[in-house]
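Novice: Sequence first, then the predicted structure, then my questions.
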Amino acid sequence: MKRADAQAAQKFPELRTERLLLRQITPRDRAAIYEIFSDDETLEHYDIDPIREKEEASELIAFFADRERRGIGIRWAIALSKPTIQVGARGTRSKASEPKLIGTCGFNRFERSEARRGVVGYDLSRSQWGHGYVPEAMEAVIRYGFEELHLNRIEAYVEPGNARSIRVMEKLGFTREGLLRQFAFYRRAARDQLCFSLLAAEWRRSHGSAHEN
């Protein structure tokens with residue numbers, strides 16, 4: 001890692017859960033980002049078209065970094081905290097590599113002024129679906145939002161047909177506020193969105209936290 005990259009990584013907040021490491025997304029993640037964001041099924045309910053060139057993965061990584069640098073958003077790489085150790089034919093074990101990115105999550109945007117509001121988003125490689133990784137990662141992101149960013153309200157916007165994300169929101173304790181008709185425009189069409197929200201006071205009550213904003 002170059003010195004400048006190492007210094008940037010030191011400033012970026014890493015989050016850990018029982019099974020996951022949420023770390024900075026770097027250019028070394030390009031192949032994994034391409035794998036996720038070029039998959040039509042993974043991006044079925046996403047607000048961008050699937051990427052088709054690996055250079056677009058590099059542009060996406062740069063986009064995430066720029067929003068973090070400008071202080072208007074933050075995106076983590078979701079990686080398994082215990083990477084698989086390769087076992088050879090004779091039972092020999094090779095050194096584990098850096099935890100591979102299996103998804104991303106974070107705040108698409110946030111306002112830290114009087115509104116103190118953030119909007120979350122996430123994605124996960126289709127090969128990792130069904131293990132509960134997204135709720136686990138998002139619990140850490142939400143905690144960071146309330147305890148470190150001092151947000152008062154966290155929002156998420158979900159397509160009505162996205163049953164997986166609706167279940168994630170419900171599991172995380174978000175309230176379904178209602179349907180925003182033709183609220184978003186992407187993939188050449190105006191699309192309805194369900195608005196979910198979680199307030200800091202609600203989160204503190206459910207987590208037994210004594211912290212006040």
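Specialist: Done, it's in. Everything quoted here is computed from the prediction, not taken from an experiment.
Novice: Any stretches of this protein with poor pLDDT?
Specialist: Along the chain, the model assigns pLDDT under 70 to residues 1-10, 83-98, 209-213.
Novice: What's opposite the spatially most central residue of the chain in the beta bridge?
Specialist: The centre of the chain sits closest to residue 105, judged by CA atoms, centre = their mean, with a distance of 0.4 Å. For residue 105, the beta-bridge partners are residue 76, residue 122 (DSSP bridges).
Novice: give the contact list for it.
Specialist: By CB atoms under 8 Å, 6 or more residues apart in numbering, the contact list for residue 105 reads 22, 75-76, 78, 120-123, 134, 137-138, 141. Just so you know, the C-beta spots here come from the backbone N, C-alpha and C atoms, and that holds for glycine as well.
Novice: Ok, residue 138 next?
Specialist: Taking CB under 8 Å, 6+ apart, we find residue 138 in contact with 105, 120, 122, 168, 172.
Novice: now those residues as CSV including distance to residue 128?
Specialist: Below are the contacts of residue 138 laid out as CSV (distance: CB to CB, whole Å):
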residue, distance to residue 128
105, 12
120, 19
122, 12
168, 14
172, 18
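Novice: Nearest to residue 150 among those residues?
Specialist: The closest of those to residue 150 turns out to be residue 120 (CB to CB; 15.7 Å).
Novice: counting contacts, what elements does the helix or strand containing the closest one pack onto?
Specialist: Element membership for residue 120 (DSSP states H and E) is strand 117-124. Packed against strand 117-124 by the contact rule (3 or more CB pairs under 8 Å, 6 or more residues apart in numbering; DSSP states H and E) you find helix 30-37, strand 101-111, helix 133-147, strand 153-158.
Novice: Can you show me the strands along the protein?
Specialist: Counting by DSSP state E, the segments of the chain that form strands are 15-16, 20-24, 74-80, 101-111, 117-124, 153-158, 175-186, 189-199.
Novice: Single out the most deeply packed of these.
Specialist: Neighbour counts (mean count of other CB atoms under 10 Å) averaged over each of those peak at strand 74-80, with a mean of 24.
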